[in-house]
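Enquirer: Okay, here's the prediction I keep looking at, along with the sequence it came from:
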Amino acid sequence: MRRLPPARLTPFLLALFLLAPPAHALVDPSEMLQNPVLEKRAEAIGRQLRCLVCQNESIEASGASLARDLRRIVRQHVAEGWSNRRVIAWMVQRYGSFVLLDPPFEPLTWLLWASPFLALAGGFGTVLVLRRQPSRPPPPLSAAEKEKVADLLAR
Amino acid sequence: MNRRTLLLAPLGVVVAGAAGVAVLLERDYVPSALPSMLIGKRPPRFRLPAQPPGPAFSSADLAAPPRPMLVNFFASWCIPCVQEAAMLRHLRQGGMKIWGIAYKDKPADAAAFLAENGNPYARLDSDLAGTVAINWGVYGVPETYLIDRSGIVRWRWAGALTREVVASRLNPLLRRYA
């Protein structure tokens, strides 16, 4: 019968899992730039770019073939000495600001960026309205209601 | 306003949200569909080898077509491309000029695909590396671009051209840019 690892090993195994570096990129070693500084930059750029096929992953994290092609182009441009800004602008020119995982502040996204503040303002508004109109005390009970209360209390 | 009417506010928000969603659905809103950056612009410059049976074309050949025309990116490995093949043939028979670009496809495979599904393309390029497609902003196959008589891209459809798409989207644009 298989046995579980002894309990005293658990903290050690836990530490091992927690200390393991997270797997960021699917980048094939053959895709990587020789220069580690440039490769780091390319990875940082790629993590900001959306994979257009899977749409909720960056091109660094995606296994899609288009993502691989875009990773290659990012590395090519970085190796040619392009600035991060220029590499990203090249992508936006072709795929629009949708390619940016972090939505930019532009007319189409004004509402998106403003929504937390709008919600906050709505909350404040609600509180103000409620404060300005303190609840009036309820009208005094009618004779019939008083009788009913007395009846209930007498039980 | 008293507290009771304020209780209706969340209901109002929900109703407004539902109305918004209804409008989007009515307009066939596809959240994952990307707007093309080429709309209102000329296609990027390119020169590609011919995809047999060809002949090849370059961006210069798209500068001023006599009538609005379609450029269609396809691949033999693409299932929706098989689905739209009949529609492309139908459009071709109706006199539409369609040029094709085989995307990331071995020329022999693409040629076999055309032999099997019919060849609706008057001219054919092979974009084996897929780099020209990236310059067009292609993010999958099939994709179809409508180019007007002044060589400006007016419309992009990502996905198969179905009867509904042709009737509700392409045909009105063809009338407008005829």
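Expert: Noted; the coordinates are in hand.
Enquirer: Looking from chain A, tell me which residue of chain B is nearest.
Expert: residue B:139 (3.7 Å; C-beta to the nearest C-beta). Using the backbone N, CA and C atoms, a C-beta is placed for each residue, glycine as well.
Enquirer: what about chain B, any weak spots by pLDDT?
Expert: B:1-3, B:28, B:31 (pLDDT under 70).
Enquirer: So which bits of it are right by chain A?
Expert: B:1-3, B:6, B:9, B:32, B:34-37, B:104, B:129-131, B:134-137, B:139-140 (C-beta under 8 Å from any C-beta of the partner chain).
Enquirer: Buried only: go through the residues you listed for me.
Expert: B:34, B:36, B:37, B:104, B:130, B:134, B:135, B:136, B:137, B:139, B:140 (16 or more other C-beta atoms under 10 Å in any protein chain shown).
Enquirer: Now intersect the residues of chain B next to chain A with the strands, please.
Expert: Among the residues of chain B next to chain A, none falls in strands (DSSP state E).
Enquirer: Quickly list the domain ranges of chain A.
Expert: A:21-102, A:104-133 (automatic domain parsing).
Enquirer: what would the buried ones among the residues of chain B next to chain A look like in JSON lines with distance to residue A:115?
Expert: Converted to JSON lines, those look like this (distance: C-beta to C-beta, whole Å):
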{"residue": "B:34", "distance to residue A:115": "22"}
{"residue": "B:36", "distance to residue A:115": "27"}
{"residue": "B:37", "distance to residue A:115": "26"}
{"residue": "B:104", "distance to residue A:115": "39"}
{"residue": "B:130", "distance to residue A:115": "37"}
{"residue": "B:134", "distance to residue A:115": "33"}
{"residue": "B:135", "distance to residue A:115": "35"}
{"residue": "B:136", "distance to residue A:115": "34"}
{"residue": "B:137", "distance to residue A:115": "28"}
{"residue": "B:139", "distance to residue A:115": "27"}
{"residue": "B:140", "distance to residue A:115": "30"}
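Enquirer: In helices, which of those appear?
Expert: B:134, B:135, B:136 (DSSP state H).
Enquirer: residue contacts, the closest residue to chain B within chain A?
Expert: Residue of chain A nearest chain B, by C-beta to the nearest C-beta: residue A:52 (3.7 Å). Residue A:52 sits next to A:66, A:95, A:98, A:99, B:34, B:139, B:140 when contact means C-beta atoms under 8 Å, 6 or more residues apart in numbering or on different chains.
Enquirer: Hmm, residue B:73 is touching residue B:138, no?
Expert: Yes. Using C-beta atoms under 8 Å, residue B:73 makes contact with residue B:138 at a distance of 5.3 Å.
Enquirer: which bits of chain A sit near chain B?
Expert: Chain A comes close to chain B at residues A:52-53, A:55, A:65-66, A:69-70, A:73, A:93-96, A:98, A:126, A:129-130, A:133, A:135, as judged by C-beta under 8 Å from any C-beta.
Enquirer: one more time with 10 Å
Expert: A:50-56, A:64-66, A:68-70, A:72-73, A:90-99, A:108, A:122, A:126, A:129-130, A:132-133, A:135-136 (C-beta under 10 Å from any C-beta of the partner chain).
Enquirer: care to break chain B down by domain?
Expert: According to automatic domain parsing, the ranges for chain B are B:1-31, B:35-177.
Enquirer: Tell me the gap between the first one and the middle of its chain.
Expert: Relative to the centre of its chain, domain B:1-31 is centred 33 Å away, using C-alpha atoms, centre = their mean, to the nearest Å.
Enquirer: mind listing the strands for chain B?
Expert: Using DSSP E, strands in chain B cover B:69-74, B:98-103, B:123-127, B:143-147, B:153-158.
Enquirer: Sheet partners, orientation included, of the second one?
Expert: Neighbouring strands of strand B:98-103 in its sheet, by DSSP bridges, are strand B:69-74 (parallel), strand B:123-127 (parallel).
Enquirer: Any chance of those in a markdown table with mean neighbour count as columns?
Expert: A markdown table is the format used below for the strands paired with strand B:98-103 (neighbours: other C-beta atoms under 10 Å in any protein chain shown):
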| stretch | mean neighbour count |
| --- | --- |
| strand B:69-74 | 24 |
| strand B:123-127 | 23 |
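Enquirer: just checking, what's the longest helix in chain A?
Expert: Chain A, longest helix under DSSP H: helix A:110-132.
Enquirer: what packs against that helix?
Expert: helix B:3-6, helix B:9-26 (3 or more C-beta pairs under 10 Å, 6 or more residues apart in numbering or on different chains; DSSP states H and E).
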